[in-house]
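Student: Have a look at this fold, sequence not included:
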């Protein structure tokens, strides 16, 4: 039986190892960079366009030509009509805090600040979505223009009803 011997050139192990290491390292580095960039793009897409603080304030704030007492009571009524439980409310400070029931590990909180400025009563609302799943907890401010618009329309209706009596 004859042994088959293949000719091999002597290997310079340090040169070959460096080439292999650098090529693998480059691939790993590029993979990490592309993954992080795609993650950032996906996160940006999920969060939607970033709003400036002034745009957020504009989205969350309305002014009414009605007494603070009517506006405060109207906001409380609307929160309750939307299914929120009032946690605290103080007409003197104008602060209302409410939260929804926990459904499928998700809970919403709503706050309102009602203040009189000159001849108008200003309302600023804020909605926060909380997710609770075992050890994972996440809170995000809700910046959906439709939600705020619909809530303010309901407040408008409540104020109209209170003012007409």
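Tutor: Structure's in. What do you need? Everything quoted here is computed from the prediction, not taken from an experiment.

Student: what about the protein, any weak spots by pLDDT?
Tutor: Within the chain, the ranges that satisfy pLDDT under 70 run 1-49.

Student: which residues of it fall in helices?
Tutor: 13-47, 53-60, 68-81, 145-164 (DSSP state H).

Student: Now the last one: buried residues?
Tutor: Which is helix 145-164. By neighbour count with 16 or more other C-beta atoms under 10 Å, helix 145-164 contains the buried residues 147-148, 151-152, 154-155, 158-159, 162. C-beta coordinates here come from the backbone N, C-alpha and C atoms, glycine included.

Student: Okay, and the beta partners of the nearest residue to residue 63 once chain neighbours are set aside?
Tutor: Leaving aside its sequence neighbours, residue 63 sits nearest to residue 120 (C-beta to C-beta, 6 or more residues apart in numbering; 4.5 Å). Assessed by DSSP bridges, residue 120 has beta-bridge partners residue 117.

Student: dump the residue contacts of the residue nearest the centre of the chain.
Tutor: The centre of the chain sits closest to residue 140, judged by C-alpha atoms, centre = their mean, with a distance of 2.9 Å. Shown in contact with residue 140 (C-beta atoms under 8 Å, 6 or more residues apart in numbering): 128-129.

Student: If anything else comes up later, I'll come back, but that's it for now.
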